[in-house]
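Peer 1: Build me a model from this:
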Amino acid sequence: MQQLFQCIDQRKIGIFESPTGTGKSLSMICGAVSWLMEHERVEQERALEDQKTEKEATTTTGSTNTATNKKDDTPDWVQQHRAVSDATFERQERDRKRQELEERVQRIRDKEEKMRESMIRKQKRQAAAVHSIGGYRPQSGQPTKKKKDQDSDDDELDDGTFLVDDYDSDDNQKGGSKGDSSEYGNVSKEVLELLQSFDAKEAAHNGRRSGFGLDDEDQEPDVLKIYYCSRTHSQLSQFVDELRKTSYGEHLHVVSLGSRKSLCINDKFRKKASTKNPHSAGGEPIIHVNKLNDACLEAQKSGTPSEQRCEFLHTPSFSSSTSGSGSRMGGLENEVGGGQAWWKKGSNSLEISGDEKLLEFRDHTLARIRDIEELAQLGSELETCPYYGSRQTVRHCQLVTLPYNLLLHSSTRESLRLVVKNNILLLDEAHNLINSLLQMHSVAITLPRVVLAQDQLRVYLARYESRLSSANEGYIRVLMRILKCLETFVESWRAGPSTPSRGATATVTATTTTSNGMKRHFKPADRVMKVNEFLHAAKMDHINLFKAHAYLETSGVARKLQGLHESLQRREAKKLAKAEGRVGNSTAGRVKIHPSSRFNSSAVGSQPTVGAQASQKSTTSPILLVVDAFLMSLLNADNDGRVIVAMEDEGVDDGGHLDERDSSGQTGSPTGREKTQVPVLKFMLLNPANVFKPLVEEARSVVLAGGTMEPVSDLLSHLFPYLKDPSVSLTNSLTELQYPRIHRFSCGHVIPKENLMAIVLEKSALGSTLELNFANRNQDQVIDGIGQSLANLLNMIPDGVVVFFVSYSYMAQVLARWQVKPPGGGVGGSATVSKTIMEKIQARKRVFVEPREATDADRMLKEYQECIEARPEHDLGQPTTASVVGPRGAVLFSVVGGKMSEGINFSDRLGRGVIMVGMPFPNKGSPELQERMRYMDQVQQQELLQSTSTSSSSQTPVRPPSSSMRMTAGSEYYENLCMRAVNQSIGRAIRHQGDYAVIILMDRRYGAPRIRKKLPGWIGSSLEACEQFGPVMSKLSGFFRQKRTSATSGASPR
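Peer 2: Predicted coordinates for the structure are as follows:
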């Protein structure tokens, strides 16, 4: 707490490491909020002091004027009033509004408390009467008002629905049409800005002329606030629960921001955006976020019938002359993306009937702390949209919790109107911050989607050409030209130099015919280019991408195009079903409205429907939005990113990235199905510092926190290179000297040292050396040594053990090998020796293997826990506890970077042992990784040259780098990727003060001093390297014997 308080107070960038179980969240809350409260107290005292000083100055001025200027007939009270500064008046107004807000919130708190007491009394009466009154069901809290669903007939298309509104690029309007007017009439843009500036001054001194409610709130400045970010809503909910436990929770205004998927309460929209989940036993549908966004935004367009609008987003009523230039509710108008939005302000006669509802939602939100689920429930009770209501509440909150993407992505941050300047940013789970930034600003688009977008635009233009304005038609043709350039470039790349593919049967590649008539498959060589090089090669350097982006962002053509495409699909599916004598949309998934023979014939060959498959997989998101994101990425600095064209598996998760830990480039799919590969254009961000820099420069303080932040060198070099003091020698390893604005703090674990045993296993039980690099890890002898060692270790570790492998494919290979019987039936024909390694493991513990599907993972974890809890604790099969035969505990085989390596707590009996098999280095054959390492080496070389030139000019001798610095920046990054993944995996065990476990690292390379330093401090300080396997068994036996004795005697197991 003290360190965090000091970091914020000194306006520094904090990097805090605190293992899970040490009270990290609670410390962050108390440290940051205590500074906030103290700062507000100091500011109030300063304001009172300034007010007193100004009053004394006014009195002195009045006395002087009276004595020296007798001819002035102006009364003294008028002169004193003139002396009051505008700043004082604004401060008084701000204080008055805040006082009124606090009074409203307090009334809401009192009302909610009375309602809770009344509800408790009502529940007691109902509980007493439930036995005598049959059929009783308590109220669910949902609004009782129901409306008929307005089902539309898809057979008849309304052409006007998908027609793009008139667009004029010269006006640079967002959300307005050419004929829009304002309350001042038809005046020029310059005169309009001048009149609006007069209005702003008048509103500041005299208040709004006749406005009410939300317009008044827009004039208030944001209060000083803390933004708390984490990766998932579940982590944010845990943070809110911790906040409730503190004394600050009663006085703090808090709001949680989320997506429509979490906050939308319109069942009609949710049903429209959902599909059945084939993997869900309970029938829970899958909500497609893009479809939900589209349904919401389309309902907000001007001209939308009232019955099709959202009943929870209250429509204000306007006079005939109403218009405006601003957007409300945190950029709502901008988000609609075209047309005259109906959320407007700025007219004398504006009357908003929904303001009271929104203000009521705001006051209830501020009255007490609510997580994201409780906000959705509040919106249902008040019949007010919690998605937009929470955004309007941000202005008055001192603490805002939100996921990473809402803060880190600039366009999303601007649409929410999140003010970062002079505020505090707390980023939890920050070990993933670099990857989150890189993934957030990297874009991939496949050739089938490029071709499909062209076909959709061609159909759209043919359908609406006569009704489109000249500007719209011109920009649509520009988009078609851009897409044609992309397609031509990819096709020319595919026809160029190529390399033999690894799996010709499962790869879409070029083919050649040999002299004997046999066909050989070739995979085009991956190509990596800088942005300007790509624009020139694709012949797009003459196209204004800024204007193309502005059109896509403003006109709404992407959603119009997608809506037309889906409507045509449904209509054709119904016609086909009717022709075949069937009812419904059963063939909708197989109908392709815009056939693309160009792509199918040249790229797919024997797969004539891959274009259709790609189009169906991408229908949930407008294709032009993906194109727009790719075009925007090309506007980055030339050296900050690279454009890569490569062949990748179609439909691969996580943006098409292969499993980097498989050096073969294969993901090792357990299904064994052949995968089709398609050409992919990708923009890869290399420099995350430039996208993170605006936050660092605007915020008062940025704090990065996590359970395992090591290695920190990556954060410093990738996110804060501009904070480095150039006058400090590169050989100086002290972070405080190199980065004076960085404040580092790392605390140890709360457990005593005797509760952790960390071992580096250098040799297996069979005597083979355990150095599991790619050159020897696949040898049968090495795999057998790992298996025999594991079988022996499981005999000593009670309850649950989690074993991490470097990749899915390697885990599958190892498990398959362990099921092979040894040759010759063993020594002397012994039945015990002839058992397979897997049989030996299963005799000791029940085996669980991490599944691919998330739904299967939850079920497996439940069975894993039940299996462990079914046996007594510390049960190792000793005579005193072996009354029950069978496996004792369970072992879970998992993958580094998989579902079990992060976010899952294996506390207490679930994780008495964590075993890491090998080191999970990424695949060096990945073109993305190679280019990233090359980029870092170039940056390092530039820094060395700059340091050398600086030293030469100052005549200061430069010491040669030490041996520890001879590793290049790219190699350091490569190694850090591995160690960060290791740290996350082995940190799954020991989650609280009374927990204990052993951590075994099965690879001799973990014993190297350089690697040891990159482990968390609380693990590295206890790490012991064992050159032989025998001592490891005795150490484990003594460790768990002592814990068993402590548990038996009733003492704490320490």
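Peer 1: what stretches of the stretch 551-700 of the chain score poorly on pLDDT?
Peer 2: 581-621, 651-675 (pLDDT under 70).
Peer 1: For it, which segments count as strands?
Peer 2: 641-649, 677-685 (DSSP state E, counting those that start in this stretch).
Peer 1: Go ahead and list the helix or strand containing Tyr388.
Peer 2: For Tyr388, the host element (DSSP states H and E) is helix 386-393.
Peer 1: That helix - contacts with which helices or strands?
Peer 2: strand 254-256, helix 260-263, helix 355-367, helix 372-382 (3 or more Cβ pairs under 8 Å, 6 or more residues apart in numbering; DSSP states H and E). Every C-beta, even on glycine, is put in place using the N, C-alpha and C of the backbone.
Peer 1: And the strands of the stretch 551-700 of the chain: which comes nearest Asp937?
Peer 2: strand 641-649 (14.2 Å; Cβ to Cβ).
Peer 1: re the thing from before, list just the one of the helices and strands packed on helix 386-393 that sits closest to Ile108.
Peer 2: The nearest among the helices and strands packed on helix 386-393, by Cβ to Cβ, is helix 355-367 at 4.1 Å.
Peer 1: and that closest one, what does it pack onto?
Peer 2: Checking 3+ Cβ pairs under 8 Å, 6+ apart, helix 355-367 ends up next to helix 86-129, helix 214-218, helix 372-382, helix 386-393.
Peer 1: switch the cut-off to 7 Å
Peer 2: In terms of contacts (3 or more Cβ pairs under 7 Å, 6 or more residues apart in numbering; DSSP states H and E), helix 355-367 is packed against helix 86-129, helix 372-382, helix 386-393.
Peer 1: buried residues in it?
Peer 2: 355, 357-367 (16 or more other Cβ atoms under 10 Å).
Peer 1: Please enumerate the helices of the stretch 451-600 of the chain.
Peer 2: Taking DSSP state H, counting those that start in this stretch to define them, one finds helices in the stretch 451-600 of the chain at 470-494, 531-537, 545-555, 557-579, 597-599.
Peer 1: which residues touch the closest residue in space to Asn636 that isn't next to it in sequence?
Peer 2: Using Cβ to Cβ, 6 or more residues apart in numbering and skipping the chain neighbours, the partner closest in space to Asn636 is Val531 (6.4 Å). Neighbour list for Val531: 634, 636, 638, 641, 643 [criterion: Cβ atoms under 7 Å, 6 or more residues apart in numbering].
Peer 1: hang on, the earlier thing: do you know which of the strands of the stretch 551-700 of the chain lies nearest Thr708?
Peer 2: That would be strand 677-685 among the strands of the stretch 551-700 of the chain, by Cβ to Cβ, at 24.1 Å.
Peer 1: So in that sheet, which strands flank that closest one, and in what orientation?
Peer 2: strand 443-446 (antiparallel), strand 641-649 (antiparallel) (DSSP bridges).
Peer 1: any chance of the ones you listed in JSON lines, plus mean neighbour count?
Peer 2: Shown next, in JSON lines, are the strands paired with strand 677-685 (neighbours: other Cβ atoms under 10 Å):
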{"stretch": "strand 443-446", "mean neighbour count": "22"}
{"stretch": "strand 641-649", "mean neighbour count": "22"}
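Peer 1: what's the closest of those to Lys1014?
Peer 2: So among the strands paired with strand 677-685, strand 641-649 is nearest, using Cβ to Cβ, at 27.2 Å.
Peer 1: That closest one to helix 470-494, inter-axis angle?
Peer 2: 70 degrees (axes from the mean of the first three to the mean of the last three Cα atoms, to 10 degrees).
Peer 1: what's strand 641-649 in contact with?
Peer 2: 490, 493, 507-508, 523-524, 526-531, 534, 633, 656, 675, 677-686, 927-928, 931.
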